[in-house]
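**Student:** Sequence and predicted structure below; questions after.
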Amino acid sequence: MKTRLLKPALLAVSAAALALSACATATPYGPAGYGTRYGYSDQRIDADRFRVAFAGNSVTTREQVEMSLLLRAAEVTLESGHDWFATVNRATDRDVRYSPTPSPFYYDRYSPYWGPSWRYYRRGYWSPWSDPFGPDMDFREIDRYEATAEIVVGNGPKPAGDPNAFDAREVVQNVGPRVPRPM
């Protein structure tokens, strides 16, 4: 009898753990599209100019977002038949939000469950054990990064002395292995 109940409970616990672990992963390198706004996007502006962007979720670090942007810029360069790219405009935006979470030690005075003031509080009466200002809240800061760049592409060796110029094949070789891919 115990084993019959244990198997479904174990299955439910493992499914919940799997679902929670899937929520806490960085944005994998891939196109942003239907159903998700996270990932890369690019647009041709001119014959030798592109706009490239990469948006990460709240678990993706700034470094991962910027590396993914460079990798996508290199891939766009190679796909368009060019050898190098130079960033004309490049920016990384940080979106900060605060998520309130009630303290686990606070119990609502109207809750049917036990709380620190359940014996001393009746609806409409003040109690020295109840909080007159409401529940204690913990605020968690949630950061999301999005990097954008306008790039100019070219053929031949990259311009010497330009710190914003990159050899596309070297970027793919050096940055590609460090960018998280979808599983």
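**Tutor:** Alright, I've got the coordinates. Residues are numbered from 1 along each chain as shown.
**Student:** Contacts only, for the closest residue in space to residue 83 that isn't next to it in sequence.
**Tutor:** Spatial nearest neighbour of residue 83, chain neighbours left out: residue 155 (5.2 Å); criterion: Cβ to Cβ, 6 or more residues apart in numbering. C-betas here are computed from N, CA, C, even on glycine. Each residue near residue 155 by Cβ atoms under 8 Å, 6 or more residues apart in numbering is listed here: 81-84.
**Student:** now the helices for this protein?
**Tutor:** 2-23, 62-79, 168-175 (DSSP state H).
**Student:** which of the ones you listed has the lowest average pLDDT?
**Tutor:** For these, mean pLDDT drops lowest on helix 2-23, to a mean of 51.
**Student:** I'd like to know which of the contacts of residue 155 are buried.
**Tutor:** 82, 84 (16 or more other Cβ atoms under 10 Å).
**Student:** Strands of this protein, start to end?
**Tutor:** Ranges of strands in the chain, per DSSP state E, are 39-46, 49-55, 84-102, 137-154, 165-167.
**Student:** so of those strands, which one's packed in deepest?
**Tutor:** With neighbours defined as mean count of other Cβ atoms under 10 Å, the strands of the chain peak in mean count at strand 49-55, which reaches a mean of 21.
**Student:** for that one, packing partners?
**Tutor:** When contacts are defined as 3 or more Cβ pairs under 8 Å, 6 or more residues apart in numbering; DSSP states H and E, strand 49-55 packs onto strand 39-46, helix 62-79, strand 137-154.
**Student:** Need the contacts of residue 155 in JSON lines (columns: distance to residue 40 and pLDDT).
**Tutor:** Formatted as JSON lines, the contacts of residue 155 follow (distance: Cβ to Cβ, whole Å; pLDDT from 0 to 100):
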{"residue": "81", "distance to residue 40": "19", "pLDDT": "95"}
{"residue": "82", "distance to residue 40": "18", "pLDDT": "96"}
{"residue": "83", "distance to residue 40": "21", "pLDDT": "96"}
{"residue": "84", "distance to residue 40": "19", "pLDDT": "96"}
